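**Student:** Structure of the sequence below:
(one chain, ligands or ions: 3)
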Amino acid sequence: MDRRSFLAAGVATVLASPRAIAQMKMDEMPGMDMGGHTGHDMDGAPKSAAMLPEGQALRELPLLANEANSPRLFRANLTAEPAMVRFADGLDTPILGYNGMSPGPLIEVTEGDRVEIVFTNQIPEETSTIHWHGMPVPADQDGNPMDPVATGTERTYSFELPEGTAGSYWYHPHPHGKTAEQVYRGLAGAFVVKPKADPIPAEYGDTVLVFTDLRLAADGTMPDNTMVDLMNGRVGDHVLVNGQKNPALSVPFGTKRRFRFYNATNARFLRLSFDGAPMTIIGTDGGLLEAPVAAKDVLLSPAERLELIVSFEKPGTVTLNTLDYDRGWMGAGRPADAGLALLTVNVSDTPAEAFPPLPEKLRPIAQLGTPAVSRRFVFTETMTMSATDMQMGFLINGAAFDMGRIDVVSKTGQVELWEIVNKADMDHPFHVHGTQFQVVEHERGGQVSKPAYLGWKDTVNVARGETVRLLLRQDRPGRRMYHCHILEHEQLGMMGVIDVQA
Ligand code: C2O
Ligand code: CU
Ligand code: CU
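**Tutor:** Ligands and ions are numbered 1, 2, ... in the order given. Presented below is the predicted three-dimensional model:
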């Protein structure tokens, strides 16, 4: 029996303990019982146990307060801790939050600043870290799985943010074997580094939208991961924006608004478009593009970010919707990807004051140039079955992650060509720590295509059957992770270690 028919036969069902990883005994398999996973039934119809209120005013993410009183220094505290929130009427949901919130507070600093954040881990019985996703920080400040922070203890992360590094970064835990669960339970936040001189008119505002994905059981708790979650990555029942379901925003017509989109879900691919308002891409993970690029829709794979300008040109209601995107789903219960309204914008008929035009040039981006070495990373999925056992593996170059192994040795300052080859049945968003890269081309079925723009990125989707070639350079020595950012895949082995030598 091949993998797909095996899974479709309904064996891919429940795994009670997340610690069992993608392995279970045949005699423990509960057949067709979807046991507790209320979100997606075998017929594919979403069945939500809990109703979430919609249409509340979009809340701005609270800023993490700067406690330093000297210029160019940002000092603050972040605690990862259990908290109780109310997503659905009358139901309390235990979550993990940074300073009690999910998403965590918005961190906003300016390039050139020094950052010192005291992290306290108050998650009972679990280690954690804070990883500064995409940020140019030293390897020993990056919250890698090699530097765990034990429960009940604290550590300080400190780093400088050089000029030219303004961008839309984020932060989340990265402990060995627990990242997926700590993130879906609520630990993730946005970290915006502002440029000293911003070419985008201040009148456009700067609205951070963090997308997360929530699954709630009938009693208000978040169910553990099932076998389906481990294979596909966990997809919830509700896509939230800044912690709210389909919140509302009101603007006068003629408004141009700057948005930063963050895909902070474990595994949800978001193909998005504003129905009734044109979008222009101005930036990627690592900051502004050279020039604005108009877009009908955008694909944001897990961990990717985009900066956009949206023009609300007519009075009426505009919605931010998800469109269909087939990222390769194993087994039953492919979630509904299309037709979700994530945000509703009420455009009033009072005209806005005139908005200054978007500049035609945003900033120069130097091409990384000729690579000194090239490397190849092949993604595969394996499933082994015996009469008693089934195991899924997510591998890079045939190997599962091993914290004690160095997979690649490289040198600081060296431009490298990385070829990421996806030979698996699912899309895998590829991410590397410590730097930003430039995508050179995509190849699929012998067809080579160039990206629509040159931009700095730390995460790129590698569609199934596709090869992505990118250029990168690591400027700081130390050990760095690279992995699939479907967090369940990262946890099941789709991660490696590069040792960058000085
Ligand atoms: Cu968001 Cu290893 O990272
Ligand atoms: Cu990262
Ligand atoms: Cu993956």
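**Student:** beta partners of the residue nearest to residue 465 when sequence neighbours are not counted?
**Tutor:** Among residues not flanking residue 465 along the chain, residue 444 sits closest, at 5.9 Å (CB to CB, 6 or more residues apart in numbering). Yep, even glycine has a C-beta here, placed from its N, CA and C like the rest. Residues in a beta bridge with residue 444, per DSSP bridges, are residue 447, residue 466.
**Student:** Also residue 482?
**Tutor:** Beta bridges link residue 482 to residue 432, residue 496, judged by DSSP bridges.
**Student:** cool, residue 376 as well?
**Tutor:** Going by DSSP bridges, residue 376 is paired in beta bridges with residue 419.
**Student:** do the same with residue 117
**Tutor:** In beta-bridge terms (that is, DSSP bridges), residue 117 pairs with residue 76, residue 157.
**Student:** ok, it - contacts?
**Tutor:** Residue 117 sits next to 75-78, 107, 130, 156-158 when contact means CB atoms under 8 Å, 6 or more residues apart in numbering.
**Student:** and the closest residue to residue 254 other than its chain neighbours, how many residues sit next to it?
**Tutor:** Nearest residue to residue 254, sequence neighbours excluded (CB to CB, 6+ apart): residue 352, at 4.0 Å. Using other CB atoms under 10 Å, the number of residues around residue 352 comes to 15.
**Student:** if we can go back for a sec, ok, of the contacts of residue 117, which one's closest to ligand 3?
**Tutor:** For these, the closest approach to ligand 3 (CB to the ion) belongs to residue 130, at 22.5 Å.
**Student:** give the contact list for that closest one.
**Tutor:** So residue 130 contacts 78, 80, 117, 119, 143, 157, 171-174 (CB under 8 Å, 6+ apart).
**Student:** Return the residues in contact with the residue nearest to it when sequence neighbours are not counted.
**Tutor:** Sequence neighbours aside, residue 143 is the residue nearest to residue 130 in space, at 4.6 Å (criterion: CB to CB, 6+ apart). Residue 143 sits next to 129-132, 157, 171, 173-174 when contact means CB under 8 Å, 6+ apart.
**Student:** Tell me which of the residues you listed fall in strands.
**Tutor:** Of those, the ones assigned to strands by DSSP state E are 131-132, 157, 171.
**Student:** got JSON lines for those residues, with distance to residue 261, pLDDT and neighbour count too?
**Tutor:** JSON lines is the format used below for those (distance: CB to CB, whole Å; pLDDT from 0 to 100; neighbours: other CB atoms under 10 Å):
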{"residue": "131", "distance to residue 261": "20", "pLDDT": "98", "neighbour count": "23"}
{"residue": "132", "distance to residue 261": "19", "pLDDT": "98", "neighbour count": "24"}
{"residue": "157", "distance to residue 261": "25", "pLDDT": "98", "neighbour count": "23"}
{"residue": "171", "distance to residue 261": "17", "pLDDT": "99", "neighbour count": "26"}
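**Student:** Go through those residues and say which is closest to residue 313.
**Tutor:** residue 171 (35.3 Å; CB to CB).
**Student:** Run through the bridge partners of the residue of the chain found nearest ligand 1.
**Tutor:** For the chain and ligand 1, the shortest gap (CB to the nearest ligand atom) falls at residue 133, measuring 3.7 Å. Per DSSP bridges, the residues bridged to residue 133 are residue 170.
**Student:** Spell out which parts of the protein neighbour ligand 2.
**Tutor:** Applying CB under 5 Å from the ion, we find that the chain lies next to ligand 2 at 133, 433.
**Student:** residues touching the residue of the chain found nearest ligand 2, list them.
**Tutor:** Closest contact between the chain and ligand 2, by CB to the ion, is at residue 133 (3.9 Å). When contacts are counted by CB under 8 Å, 6+ apart, residue 133 touches 169-172, 191, 303, 431, 458.
**Student:** ok, and of those residues, which contact ligand 1?
**Tutor:** For ligand 1, the contacts drawn from the contacts of residue 133 by CB under 6 Å from any ligand atom are 172, 303, 431.
**Student:** By neighbour count, which of the residues you listed wins?
**Tutor:** Within these, neighbour counts (other CB under 10 Å) peak at residue 303, which reaches 28 neighbours.
**Student:** Leaving out sequence neighbours, find the closest residue to that one.
**Tutor:** residue 485 (3.9 Å).
**Student:** Correct me if wrong: that neighbour contacts residue 433.
**Tutor:** No - the pair residue 485 and residue 433 fails to qualify as a contact (CB atoms under 8 Å) at a distance of 11.1 Å.
**Student:** so what sits against both of those two?
**Tutor:** By CB under 8 Å, 6+ apart, no residue touches both residue 485 and residue 433.
**Student:** show me where the stretch 301-450 of the chain has strands.
**Tutor:** Along the stretch 301-450 of the chain, counting by DSSP state E, counting those that start in this stretch, strands occupy 305-312, 316-323, 341-351, 373-385, 389-396, 408-411, 416-422, 428-432, 438-444, 447-449.
**Student:** Need the pLDDT of residue 259.
**Tutor:** pLDDT for residue 259: 98.
**Student:** With ligand 3 in mind, check whether stretch 378-395 reaches it.
**Tutor:** No - Stretch 378-395 lies out of reach of ligand 3 by CB under 5 Å from the ion, never closer than 5.9 Å.
**Student:** residues of that stretch that come out buried?
**Tutor:** Within stretch 378-395, the residues that count as buried by 16 or more other CB atoms under 10 Å are 379-381, 390, 392-395.
**Student:** just stretch 440-449 next, same as before
**Tutor:** So stretch 440-449, judged by 16+ other CB under 10 Å, has buried residues 440, 442.
**Student:** From residue 120, how far out is residue 100?
**Tutor:** 12 Å (CB to CB, to the nearest Å).
**Student:** Quick check: closest non-adjacent residue to residue 164.
**Tutor:** Excluding its sequence neighbours, the residue lying closest to residue 164 (CB to CB, 6+ apart) is residue 111, at 6.7 Å.
**Student:** got it, and residue 381?
**Tutor:** For residue 381, ignoring the flanking residues on the chain, the nearest one in space by CB to CB, 6+ apart is residue 424 at 4.4 Å.
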